[in-house]
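> coords below, sequence missing:
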């Protein structure tokens, strides 16, 4: 158990819909990262927050947004869903900013299926 | 921008044989490099990391990796494969300038009995 909690574990929805994925980082971790894992694209970095502020943005679509709340949990919002958004979405946390020498602690992921 | 390239999306080895998973990095500055493992239906977990303290890094479960600047490589090895090593392995690089933590495309290791 990494200490990172993601909900829901599985989600099935239809095209055009909107979903919210939630992540609770390890106790004390200030950084939260979001990744999308699909068969054809591997593990794609989406976005990173540190203590409530966005610090790095990767290949995140405009239809997606995220935020980190004062209690440090984070939410990833996916809207106008398309079939290609079906993937496993991972949240990871670390005590400090990315680019440090530390490791990321991953949750078990939220599997999104868009029909 | 920093990146990593993993050669071979699938690698098969016999139980007891040497495991070699390849990773090359692209970086204009000394990188921080990592190997992670993902077992089925689980998140990733750290195997080992290179942070410039030593070029040969030992990790968990008997894995090690050697940082070779001249070859821009950070290959992962294990002398003797075990059935429990079957998983997907990811090389990663962190960029202190951009705060990004970038993963390679992964290599799925299959261990044959």
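The structure has been received and is ready for your questions. Remember, predicted model here, so these are calculated numbers, not experimental data.

> moving C-terminal of the helix or strand of chain B with the lowest mean pLDDT, what's the next helix or strand?
Using mean pLDDT, DSSP states H and E, strand B:101-103 stands out as the lowest-scoring helix or strand of chain B, at a mean of 87. Downstream of strand B:101-103, the next assigned helix or strand under DSSP states H and E is strand B:107-112.

> Which element, helix or strand, includes the residue nearest the centre of chain A?
In chain A, the residue lying closest to the centroid (CA atoms, centre = their mean) is residue A:34, at 3.0 Å. When elements are assigned from DSSP H and E, residue A:34 belongs to strand A:31-38.

> Around chain A, which positions in chain B sit nearby?
Residues of chain B lying close to chain A (CB under 8 Å from any CB of the partner chain) are B:32, B:34, B:36, B:41-46, B:49, B:51, B:90, B:94-106. For every residue, glycine as well, the C-beta is placed using N, CA and C.

> circling back: so the residue nearest to the centre of chain A bridges to which residues?
For residue A:34, the beta-bridge partners are residue A:47, residue A:91 (DSSP bridges).

> any idea how far it is from residue A:44?
10 Å (CB to CB, to the nearest Å).

> Can you show me the strands along the chain?
Reading this off chain A. Here chain A has its strands, by DSSP state E, at A:5-7, A:10-13, A:19-24, A:31-38, A:42-50, A:53-57, A:64-68, A:74-78, A:87-94, A:105-106, A:110-114.

> that answer is for a different chain, and I need it for chain B
B:3-7, B:10-14, B:19-26, B:32-38, B:44-50, B:56-58, B:64-68, B:73-78, B:87-94, B:101-103, B:107-112.

> Among these, which one carries the weakest average confidence?
When the strands of chain B are ranked by mean pLDDT, strand B:101-103 comes last with a mean of 87.

> List the pairing partners of it within its sheet, with orientation.
Strand B:101-103 is paired, per DSSP bridges, with strand B:87-94 (antiparallel).

> Could you tell me how far the strand it pairs with lies from the centre of the chain?
Averaging C-alpha positions (CA atoms, centre = their mean, to the nearest Å) puts strand B:87-94 5 Å from its chain's average.

> Give me the contacts around that strand.
Outside strand B:87-94, the residues that touch it by CB atoms under 8 Å, 6 or more residues apart in numbering or on different chains are A:43, A:98-101, B:2-4, B:6, B:21, B:23, B:25, B:27, B:31-40, B:44, B:47, B:74, B:76, B:100-104, B:106-109.

> do the same with stretch A:31-44
Contacts of stretch A:31-44 (CB under 8 Å, 6+ apart): A:23, A:25, A:45-51, A:55, A:58-60, A:66, A:68, A:72, A:74, A:76, A:86-98, A:104, A:109, B:44, B:90, B:101, B:103-106.

> ends of it, how far apart?
17 Å (CA to CA, to the nearest Å).

> and it, which residues are buried?
Across stretch A:31-44, burial judged by 16 or more other CB atoms under 10 Å in any protein chain shown covers A:31-37, A:42-44.

> sorry, back to before: want to throw the strands of chain A into JSON lines with mean pLDDT?
Below are those laid out as JSON lines (pLDDT from 0 to 100):
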{"stretch": "strand A:5-7", "mean pLDDT": "97"}
{"stretch": "strand A:10-13", "mean pLDDT": "97"}
{"stretch": "strand A:19-24", "mean pLDDT": "98"}
{"stretch": "strand A:31-38", "mean pLDDT": "94"}
{"stretch": "strand A:42-50", "mean pLDDT": "91"}
{"stretch": "strand A:53-57", "mean pLDDT": "90"}
{"stretch": "strand A:64-68", "mean pLDDT": "97"}
{"stretch": "strand A:74-78", "mean pLDDT": "98"}
{"stretch": "strand A:87-94", "mean pLDDT": "95"}
{"stretch": "strand A:105-106", "mean pLDDT": "93"}
{"stretch": "strand A:110-114", "mean pLDDT": "97"}
